[in-house]
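**Student:** Build me a model from this:
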Amino acid sequence: MIISLQIITFAETIISMDKQGYIYIMTNKNKTTLYIGVTNDLCRRIYEHKNHLIRNSFTERYNLEYCIYYEEFLYFDLAINREKEIKKWNRKKKELLINSKNPQWNELVNENGFVRDSE
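**Tutor:** Reported below is the predicted structural model:
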């Protein structure tokens, strides 16, 4: 029994190392609520949030439709660890993180994909 569990754990590790991951922060129109999430497909996940496809979710309840921060990771398990780390932070520390890359809190990803600067 223990041997098969170790094999499954090893197989899951290999699979998770094969996928990239993202952490992201969503907010609402008034920027009063923050949500930290993790996904392996950021554009798809933002589309789901913006179109309220996950019923009765936190993001639907608080109308969190604006992706204002994200980080990309080579491996999904690294993204999960980062999500857990950021979720423990207080609001001020999360705001400092967002402001370090996006001081205007502009939308970075929408239902059509990554938003590019129009310079």
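
**Student:** Where does the prediction get shaky in the chain?
**Tutor:** The model of the chain has pLDDT under 70 over residues 1-18, 117-119.

**Student:** in it, which spans are helices?
**Tutor:** Counting by DSSP state H, the chain has these helices, from start to end: 2-18, 42-50, 58-61, 76-87, 91-101.

**Student:** so how many other residues sit close to L97?
**Tutor:** By other C-beta atoms under 10 Å, the residues close to L97 number 16. All C-beta atoms are positioned from the backbone trio N, CA, C, and that covers glycine.

**Student:** let's number from 17 now, not from 1
**Tutor:** Sure, I'll start counting at 17 from here, so that last one is L113.

**Student:** right, and it touches I102 too?
**Tutor:** Yes: between L113 and I102 there is a contact under C-beta atoms under 8 Å: 7.1 Å.

**Student:** Need the overlap of contacts for these two.
**Tutor:** I41 (C-beta atoms under 8 Å, 6 or more residues apart in numbering).

**Student:** Thought N44 was touching Y78, still the case?
**Tutor:** Yes: if you go by C-beta under 8 Å, Y78 and N44 touch, sitting 5.8 Å apart.

**Student:** Return the set of buried residues in stretch 95-114.
**Tutor:** For stretch 95-114, burial by neighbour count (16 or more other C-beta atoms under 10 Å) applies to A95, R98, E99, I102, K110, L113, I114.
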